Structure formats: structure tokens, C-alpha cells
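> sequence plus the predicted model coming up.
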Amino acid sequence: MKIAIHLITALLLAPLAFGSDVDNNPAVSFPPVDAEPLCVVSSNAIVLHDGWYMKEEALVGNHGEKFSLSDFKTLDWYPTSVPTTPLATLVRNGIYPDPIIGTNMMKIPDVNEVENKRYDLLKFSQLPDHSNPFDRPYWFRTSFRLSNDNQGKVIWLHLDGIGGINTLAVRIHPLDVPGDPLYEQLDGVRGDFGPNAGDAQILKNVTMYQTIGWDWTPSVRDRNIGIWQHVWVEATGPITVRDPAGFVDPQWQSNADAPITVRGYLDNATASNVPTKLKVRIEPIGFEAPVIETETSINAVPGRHEFVLRPVDHHELVIQKPHVWWPVTYGDHPLYKLSVTATVDGKTSGSASSLLGVRTVGSYILPSGGRAFLCNGRTIRLTGGAWIPDTMLSWSAQRYRDEIRLMAAGNHTVVRVNGCGIMPPDAFFDACDRDGLLVWEDFSSTSPTGQTVDTKVMLPNMIDTVDRLRSHPQPVVVGG
């Protein structure tokens, strides 16, 4: 789920408080995520990767205002980078052994007390009283400086993935219902698998369900609460653009010119309507083709609202003789760049871009009762498999690209993103666009049934999933 917080400020002047890194701590099998953003960030973004510190609330209390003071001392806090989780940070600081190696996970307490009693795990707790280290929040803290160039601008703070601020303090809560793993597979590959999802209680949350334990992964002791993607800051004018997307008419034929409908969101950080000019640009990536441009005027209301530019009103929004996007083994996968810029009083206020592939998808029921899928009117053979994320969420952007590259090299036409993992970051989906891999995206859900979820959390999560995917050419199914 994306979260963006805006601060209207003249200048943020917190001193830099970056400390030592964790290079001298024990080597582990899962490296930290590197500084390249997993998500798409603006051109002027400041990515807050290094210089973070983490501490147990059980030891320092709930004092966010104090932790966010520029002169607060983090002398006994754990140095880390972000993205990360509490457990990953503790392991990299030598507090717990590497859980990926052997049966080391059995030397780490679990957030579930029944599991701790079942295997006598609390004796390994790092807390002085050997209480549960993961059933209370953790604090993450960093400091950063913004330049004088940002005076008078709107400052946006983006947390593009959380499982659970110019000095920034983030409080990460444990899951409301962490669930009980029930079984640890300690008798090797010849032993029995435990029940997927444990007691299934974790399904009451919207989270990374596989962390309770599945047939491919052990339970993760803190259930991977933490900051899952990069945190970044940007400065804009009063209006900025979010999630632009281009859509081809579902009835379009692949041998015809392609009308494009452009949709997106405007965020107005003021309390008043702001007259805004939008400029849309569609340009080819890596091949010769005409550049399309059009513009319109909008009276942007406070808060967020959607804008729509249709080719019936903006005749420029037609790609003539388009280069058509096909899945791997069926053709090339050419892409266009869609850019939307918001201008206020003649000055650029904000902009955003996305990848655009000219294609249609569809499906139909076979006489046998099965379902077939179409791309550009042609029936596509769906060959591939299910994708699951790294157990400790330690993959950098290049690893996601490598995963897609290898699947495409194996002539997979589709990858199913399993709903008991996470929705992958932008690096994953952009690679699917470029390498021609169709995506079957599950909503945050999975096979064990009988659990009710909080619709106030689930429905916004589903909307955010669609908003993130709709700009890409590769989704063929989104459901759960």
C-alpha cells in the first residue's frame, strides 16, 4: 500500500545524523536491499536509504516526539538501512543467528506465545526479561536535510510499502492477529509438511501471509513487519500528478490506429481550488515514431481527484501505426513513455510518468468449460508458474529484474503473483513490461477459507493494487 504525507513548509533544516553502517557485523546469507529504489520515484527525489536506526519500544517506550528531535541520541540503537524488517535488522546486528541457515529459526522467539511455549523459544529473547520481542512495536529513526531550493514548496514523504519523520521516526506495530504456525518442519525433506497458513488466523490481516509458514517457507518470527520499500522525499508545487495511465479501447484491432485514454490523479495540497494546466506527452522508447502531445485546463479541487483525457475530446491522443506489445514468444514488446505534467501560474508544479504498451487482453469460455485468454485478439497459451517473494524481503531491484529475465528466457508467457506473498514493487512490473511477461495478479488473499477480513483495510488495498497495475501492459488477470 502506498502512503504519501505532505508537509507545507518554508524549509526543513534538521541536521544530518547518519551514523555508522553495519558492515562490521556478522555476515548473513541475505544481503540488505541496496539504494536503488524498488519503486518509481520522481526525478528530484531524495531516497532515505542509509543512516537509519532501530530500537525496541519495549526498551525505550512510546516517545515518538522525543525520538524525532534533531538532537536525540541513538547511542544504543541498531544501525540499519531501509527497506528492512525488525528481525532482519536484529540478525544483521548479531542479535540472532541467520534464520535461513539450518534450524536457526528455532533459536529465535516467535510473535505467537503458543509457538514460544511449544518450542521453548523465549529463552532466546534479546530483552532483559526474556519477554516476547515481537509482540510490541519497533521504532525506526533517521535524519535528513533539504536544500534552500525547496523553500516555499510542498514536501511529500512517501512510504511505498509498509507492513505495519526532518528527523523521521516511524513506529512499526506487530500484526493485530499474528496467527500460530502450529508446526515447524524439523525432520527434513522426508518429513511431513505442516498446514499452509498455520491456524489461518493471520488471514484476518492484510499482510504477507506466507510468513506464518507455507510448504515452501518456514514461519518468519516477526511476520516481516517493517518498511518493505524505500522511503523517499520530494518537493513540488501545490499540485502534483500521481499514477498516470494510458488505456487502449478494448475493441481496438491490432492493425488499426490506437486511440488512447489517459487517466491519473491530481493531488492538491492546498485548501482551495487551483487552476492547473495539464500537458500529456506520449513518446516511443527505443524506436522511431511520432511524439504525441496535448494539453487541457483543470480547476484542481483540494485533496485528490481523478482526471480523464479521452481521444474524443483530445484528437491528438491517437497513436498512428502503433508498435504493438505482445507477450514473450508471440512478438516484440515495444513500449511508449507516458508523461503528465501539471503547471500552475506558468511554472511546473509536478509531473509523473509511466510505461505504455499498446495491446488489448480478453478471455472467453471454451466448449469444455475451461477459460482461454486473448492478447490483441489472439488466443495465448499461458505457460508459467506462481511467483513468491523472498522470505526475508531482502531482494534489491536487480534481483527482481533477474527473476523476470530468467522466466522470459524460459519462454514463460505468464507469471502468477501468489496472493499469500506481497504485491511486488515497481521494479518487478516494469521488468515484466520490458520482457513481455503477462501477469496474473492475486489480491491479498489465499486458499484457506473461513476467515473474515476488515473490509475497511481490504478494499482500499484492492483499489491501490488496481491503481498500481493499470498503467502496465502486462496484467491479464487481477483477482483473488
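Yes, it's here. Residues are numbered from 1 along each chain as shown.

> can I get the longest helix seen in the chain as PDB, trimmed to CA atoms?
Assignment by DSSP state H gives helix 455-469 as the longest helix of the chain. This file holds the C-alpha atoms of helix 455-469, laid out as PDB (Å, rounded to 0.1, in the frame of the first residue of the first chain):
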ATOM      1  CA  THR A 455     -13.100  -4.500   4.600                       C
ATOM      2  CA  LYS A 456     -12.000  -1.000   5.600                       C
ATOM      3  CA  VAL A 457      -8.500  -2.300   5.100                       C
ATOM      4  CA  MET A 458      -9.000  -4.800   2.300                       C
ATOM      5  CA  LEU A 459     -11.000  -2.700  -0.100                       C
ATOM      6  CA  PRO A 460      -8.500   0.300  -0.100                       C
ATOM      7  CA  ASN A 461      -5.700  -2.300  -0.600                       C
ATOM      8  CA  MET A 462      -7.600  -3.700  -3.600                       C
ATOM      9  CA  ILE A 463      -8.100  -0.200  -5.100                       C
ATOM     10  CA  ASP A 464      -4.400   0.600  -4.600                       C
ATOM     11  CA  THR A 465      -3.500  -2.700  -6.300                       C
ATOM     12  CA  VAL A 466      -5.500  -1.800  -9.400                       C
ATOM     13  CA  ASP A 467      -4.200   1.800  -9.500                       C
ATOM     14  CA  ARG A 468      -0.600   0.400  -9.400                       C
ATOM     15  CA  LEU A 469      -1.200  -2.200 -12.200                       C
END
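
> packing partners of that helix?
helix 426-435, strand 438-442, strand 475-479 (3 or more Cβ pairs under 8 Å, 6 or more residues apart in numbering; DSSP states H and E). From N, CA and C alone the C-beta is placed, and that goes for glycine too.

> which parts of the stretch 301-450 of the chain are strands?
Assigned by DSSP state E, counting those that start in this stretch, the strands in the stretch 301-450 of the chain fall at 303-309, 318-319, 336-344, 347-356, 361-365, 371-375, 378-380, 384-387, 414-417, 438-442.

> what's the spacing between the shortest one and its chain's center?
Yep, that's strand 318-319 we're talking about. Remark: strand 318-319 is offset 31 Å from the chain centroid, using Cα atoms, centre = their mean, to the nearest Å.

> tell me the strands beside it, with direction?
strand 258-268 (antiparallel) (DSSP bridges).

> what's the following helix or strand after the strand it pairs with?
Note on strand 258-268: by DSSP states H and E, the next helix or strand toward the C-terminus is strand 274-284.

> can you give the contact residues for that following strand?
238-239, 241, 246, 260, 262, 266, 268, 291-300, 307, 309, 314, 317, 319, 323, 334, 336-344, 349, 356 (Cβ atoms under 8 Å, 6 or more residues apart in numbering).

> list the buried residues of it.
The neighbour-count check on strand 274-284 (16 or more other Cβ atoms under 10 Å) flags 274, 276-278, 280-282, 284 as buried.

> and the angle from that strand to strand 258-268?
Comparing the axes of strand 274-284 and strand 258-268 via axes from the mean of the first three to the mean of the last three Cα atoms, to 10 degrees yields an angle of 140 degrees.

> picking that back up, can you redo the strands of the stretch 301-450 of the chain as TSV with mean neighbour count, mean pLDDT and distance to Pro97?
Listed next are the strands of the stretch 301-450 of the chain as TSV, based on neighbours: other Cβ atoms under 10 Å; pLDDT from 0 to 100; distance: least, Cβ to Cβ, whole Å:
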stretch	mean neighbour count	mean pLDDT	distance to Pro97
strand 303-309	14	96	45
strand 318-319	18	97	56
strand 336-344	21	97	46
strand 347-356	20	96	42
strand 361-365	13	94	47
strand 371-375	16	94	46
strand 378-380	15	95	46
strand 384-387	16	91	28
strand 414-417	22	94	31
strand 438-442	23	93	33
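
> quick one: closest of those to Asn196.
Closest to Asn196 of the strands of the stretch 301-450 of the chain, according to Cβ to Cβ: strand 384-387, at 13.0 Å.

> lowest-pLDDT helix or strand in the protein?
Between all helices and strands in the chain, the lowest mean by mean pLDDT, DSSP states H and E belongs to strand 3-8, at a mean of 41.

> now do whichever helix or strand comes after that strand: which elements does it pack against?
Counting by DSSP H and E, the next helix or strand C-terminal to strand 3-8 is strand 46-48. If you count contacts as 3+ Cβ pairs under 8 Å, 6+ apart, strand 46-48 packs onto strand 231-236.

> what lines up beside the strand it packs on in the sheet?
In the sheet, strand 231-236 lines up against strand 46-48 (antiparallel), strand 154-159 (antiparallel) (DSSP bridges).

> mind listing what's buried along the last one?
Pointing back at strand 154-159 there. Within strand 154-159, the residues that count as buried by 16+ other Cβ under 10 Å are 154-159.

> using TSV, lay out these together with pLDDT and distance to Gly410.
TSV is the format used below for the buried residues of strand 154-159 (pLDDT from 0 to 100; distance: Cβ to Cβ, whole Å):
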residue	pLDDT	distance to Gly410
Val154	87	46
Ile155	86	44
Trp156	88	40
Leu157	86	40
His158	85	34
Leu159	76	35
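
> I'd like the residues you listed as JSON lines, with distance to Glu184 appended.
Converted to JSON lines, the buried residues of strand 154-159 look like this (distance: Cβ to Cβ, whole Å):
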{"residue": "Val154", "distance to Glu184": "49"}
{"residue": "Ile155", "distance to Glu184": "46"}
{"residue": "Trp156", "distance to Glu184": "43"}
{"residue": "Leu157", "distance to Glu184": "39"}
{"residue": "His158", "distance to Glu184": "37"}
{"residue": "Leu159", "distance to Glu184": "33"}
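
> between those residues, which is closest to Ser147?
Closest to Ser147, out of all of the buried residues of strand 154-159 and judged by Cβ to Cβ, is Ile155, at 11.5 Å.
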